[in-house]
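> Can you look at this prediction? I've put the sequence above it.
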Amino acid sequence: MSAGYTLLLCLWFSPGYAQETVAAAGGNATGSGGSVAYTVGQAAYITRVTTEGSVSQGVQQPYEIFTTGIQKAILNIQLSVFPNPVAGDLTLQVSGENDTSLAWQLLDMHGKLLESGQVTDRHTQINMSGLPPAPYLLQVIQKNAIVQSFKILKK
């Protein structure tokens, strides 16, 4: 068996791979002139126009949202919140050496400030009973800098 024939057999039986994505939305459109599959969220695309119509084709790019919790190492503290999800009072717990003045801000998911206050003790209570069920963002702040952020779910 020659080396060229062996290479041809390897290429013939090797599995094929294609791009795979989870689209936000999409579907198939069918008409008298044919059909097309589409997805919503094409970040890079090209539109081709002919006398018979037009089509836009593109490459699906991933769109990822990250929730970050950044804690400054120079503060030498640990922050935690509980219970999460919460129905009534949320507890913000500060562990470690806390000789700094901390504040907290409660925001909705659009960034609108709903409530704020000072961290007065190792266990600060934040009343959330009057808020509708939804996700919220709790930010712990020191001197106008965010120390740590928490995503809170109100049930």
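Right, received. Where do you want to start?
> ok, for residue 121, nearest residue in space, not its chain neighbours?
Nearest residue to residue 121 in three dimensions, chain neighbours excluded: residue 94, at 8.0 Å (C-beta to C-beta, 6 or more residues apart in numbering). Any C-beta I mention is one placed from the backbone N, CA and C, and that applies to glycine too.
> The one you found should be in a helix, yeah?
No: residue assignment for residue 94, taken from DSSP: H, G, I helix; E, B strand; the rest coil, gives strand, which places it outside any helix.
> where along this protein do the helices fall?
With DSSP state H applied, the chain shows helices at 3-13, listed in chain order.
> just for it, where's the confidence low?
For the chain, residues meeting the criterion pLDDT under 70 lie at 1-26, 37-46, 56-75, 98-99.
> So the residue nearest to residue 121 versus residue 30, what's the distance?
According to C-beta to C-beta, to the nearest Å, residue 94 and residue 30 sit 60 Å apart.
> Could you do residue 49 as well?
Counting by C-beta to C-beta, the gap from residue 49 to residue 30 is 21 Å.
> what's the answer for residue 109, then?
Separation of residue 109 from residue 30 (C-beta to C-beta): 38 Å.
> Over to residue 125?
When C-beta to C-beta is the yardstick, residue 125 and residue 30 sit 58 Å from each other.
> Neighbour count: the two, which is higher?
residue 125 (13 against 9; other C-beta atoms under 10 Å).
> wait, what's in contact with the more buried one?
When the contact criterion is C-beta atoms under 8 Å, 6 or more residues apart in numbering, the partners of residue 125 are 89, 90, 91, 92.
> hang on, the last one packs against residue 126?
Yes: Residue 92 is within contact range of residue 126, at 6.3 Å (criterion: C-beta atoms under 8 Å).
> got any residues that touch both of those two?
Shared contacts of residue 92 and residue 126 (C-beta under 8 Å, 6+ apart): 104, 138.
> okay, those two: which has more neighbours?
Under the criterion of other C-beta under 10 Å, the comparison of residue 92 against residue 126 puts residue 92 first, with 22 against 18.
> Could you find the closest non-adjacent residue to that one?
Spatially, and ignoring its direct neighbours in sequence, residue 92 is nearest to residue 124 (4.4 Å; C-beta to C-beta, 6+ apart).
> Verify the stated contact: that neighbour with residue 117.
Yes: between residue 124 and residue 117 there is a contact under C-beta under 8 Å: 7.4 Å.
> anything in contact with each of those two?
With C-beta under 8 Å, 6+ apart as the test, residue 124 and residue 117 both reach residue 104.
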